[in-house]
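1. Sequence first, then the predicted structure:
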Amino acid sequence: MKSEVERPAKIPHLAVTMGDPAGIGPEVILKALADPLLVENCRLTVIGTRSLLQDTYQRLHSQGVSLAHPDTLDLVDIPLDTTTKAEIILGRGNAASGKASFAYLQEAINLTLSGEFQGIVTAPIAKSCWKAAGYHYPGQTEVLAQKAGVDKFGMLFVARSPYTGWTLRTLLATTHIPLNQVSATLTSQLMTLKLQLLINCLQQDFAIKNPQIIIAGLNPHSGEEGQIGTEEKDWLFDWLKSQQKQYPTVSLVGLVPPDTMWVKPAQAWYGLDHDNNNIAGDGYLALYHDQGLIPVKLMAFDQAINTTIGLPFIRTSPDHGTAFDIAGKGIAREASMKAAIQLASDLKTYK
């Protein structure tokens, strides 16, 4: 492990929120921070409740699980009142655990906006527990955007293949809304906003000067000339042509039928295209949640990272949930948490 003097002169200081304390957040954080290589290029501060981290450590350390000791961590301790702490039951999320996880996120945002941190890595929360605690947000992304005062933001999922080293980057045009609202929510203005965010991110954060971006159709076979859905014919193809003129140095490919759009990424991920004839894109724009995240999770469940683009700071998060069913069993995998910390550290622009 490098000493403080050997570290690069400017390294990011990142907040790591504990997430829902009834889930696997405390476990994957302590497992991830047991790796000394993780902090070579960043400084990490955990935002959570020390006593709950100590409980996790004592329970799992006795089982022989490798963990960072809570007393060795840089920690902003958010103490919980006696009633709230007593109501937090491992593996059973409720209003108390929702209240705690919201408090951790809120403190991380406040400290980041005040200049203490350059980025936030968020452990998973349960939206149902937030709702039970009286916090009505679709997810952490929306809280981050609201508190940061931005209305132009997006959910980008990033994963690096362990087989080939190729990087998958998928942006969602719409996020946590019911499927029957997708068509009405998609507009040319929204699509333009999301595309601009993706282009700026690829160019600025990933240093890809002339990216190729693959854009999905909405309907099966991209509507098939209006035979199975008219959105493509009515406005999506015209919108794409206007954007191709707007960004002549960016290769915008689409509207690709959703059922075939993920063939090239899968080949690139698993190294199946041995002749390298089918070059995968630098970024993918999916039009709704499951259209983008089913293939991402099939390929990269343990590697994929959710990063919110458009914020005035870096935000990443493991692309998995609270996993209440395995909380406290010592079997939660920390790979995605480590990757989230690594990505936050590696992103080239520190805002």
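-> Received the coordinates, thanks.
2. Now do the helices in the stretch 51-200 of the chain.
-> For the stretch 51-200 of the chain, the helices defined by DSSP state H, counting those that start in this stretch occupy 82-87, 95-113, 127-132, 140-148, 182-185, 188-204.
3. Pick the most buried one from those helices.
-> Ranked by mean neighbour count, the helices of the stretch 51-200 of the chain are led by helix 95-113 with a mean of 22 (mean count of other CB atoms under 10 Å). Just so you know, the C-beta spots here come from the backbone N, C-alpha and C atoms, and that holds for glycine as well.
4. Keeping just the C-alphas, turn it into CSV.
-> Output of helix 95-113 as CSV, limited to C-alpha atoms (Å, rounded to 0.1, in the frame of the first residue of the first chain):
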residue,chain,number,x,y,z
ALA,A,95,-39.3,2.4,8.2
ALA,A,96,-36.4,2.5,10.7
SER,A,97,-33.8,1.2,8.2
GLY,A,98,-35.3,3.5,5.6
LYS,A,99,-34.9,6.5,7.9
ALA,A,100,-31.3,5.6,8.6
SER,A,101,-30.3,5.1,5.0
PHE,A,102,-31.9,8.4,4.0
ALA,A,103,-30.0,10.2,6.8
TYR,A,104,-26.7,8.7,5.5
LEU,A,105,-27.3,9.9,2.0
GLN,A,106,-28.5,13.4,3.1
GLU,A,107,-25.3,13.9,5.1
ALA,A,108,-23.1,12.8,2.3
ILE,A,109,-24.8,15.2,-0.1
ASN,A,110,-24.5,18.1,2.4
LEU,A,111,-20.8,17.5,3.0
THR,A,112,-20.1,17.1,-0.7
LEU,A,113,-21.9,20.3,-1.6
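5. just how off-centre is it within its chain?
-> Counting by CA atoms, centre = their mean, to the nearest Å, helix 95-113 is centred 17 Å from the centre of its parent chain.
6. Now do the same for the nearest residue to Gly48 once chain neighbours are set aside: its pLDDT.
-> The shortest distance from Gly48 to any residue other than its chain neighbours is 2.9 Å, reached at Met18 (CB to CB, 6 or more residues apart in numbering). Note on Met18: pLDDT of 97.
7. how far away is Met18 from Ile29?
-> 6 Å (CB to CB, to the nearest Å).
8. ok, now Ala100?
-> 14 Å.
9. Same check on Thr307?
-> Applying CB to CB to Thr307 and Ile29 gives a distance of 18 Å.
10. Over to Pro36?
-> 15 Å.
11. Any idea how many residues pack against Asp151?
-> 9 (other CB atoms under 10 Å).
12. Ignore what I typed, I meant Gly226.
-> Using other CB under 10 Å, Gly226 is surrounded by 12 other residues.
13. on that earlier part again, settle it for me: which of Pro36 and Ile29 has more neighbours?
-> Neighbours were counted for Pro36 and for Ile29 using other CB under 10 Å; Ile29 has more, 28 against 10.
14. related to what we said a few turns ago, now for Met18 and Ile29: what residues contact both?
-> Jointly contacting Met18 and Ile29 under the rule CB atoms under 8 Å, 6 or more residues apart in numbering are 46, 48, 53, 123.
15. now, among those, which is nearest to Lys264?
-> Taking CB to CB as the measure, Lys264 lies nearest Ala123 of those, at 32.5 Å.
16. Quick check: the gap between the nearest residue to that closest one once chain neighbours are set aside and Pro318.
-> Residue nearest to Ala123 in three dimensions, not counting chain neighbours: Gly19, with 2.8 Å by CB to CB, 6+ apart. Distance from Gly19 to Pro318, counting by CB to CB: 9 Å.
17. re earlier: just flag the most distant two among the shared contacts of Met18 and Ile29.
-> Leu53 and Ala123, at 11.4 Å, using CB to CB across the shared contacts of Met18 and Ile29.
18. Identify the contacts common to the two.
-> 18, 26, 29.
19. my guess is the first one contacts Arg50, does it?
-> No - here Met18 lies out of contact with Arg50, judged by CB atoms under 8 Å, at a distance of 10.0 Å.
20. More neighbours: which of the two?
-> Met18 (27 against 16).
21. Let's verify the nearest residue to Pro318 once chain neighbours are set aside: helix, strand, or coil?
-> Nearest non-adjacent residue to Pro318, counting by CB to CB, 6+ apart: Ser336, 3.6 Å away. Look at Ser336: counting by DSSP: H, G, I helix; E, B strand; the rest coil, its state is helix.
22. which stretches of the stretch 201-350 of the chain form helices?
-> 231, 237-246, 263-270, 289-300, 335-346.
23. I'm done for today, thanks for sticking with me.
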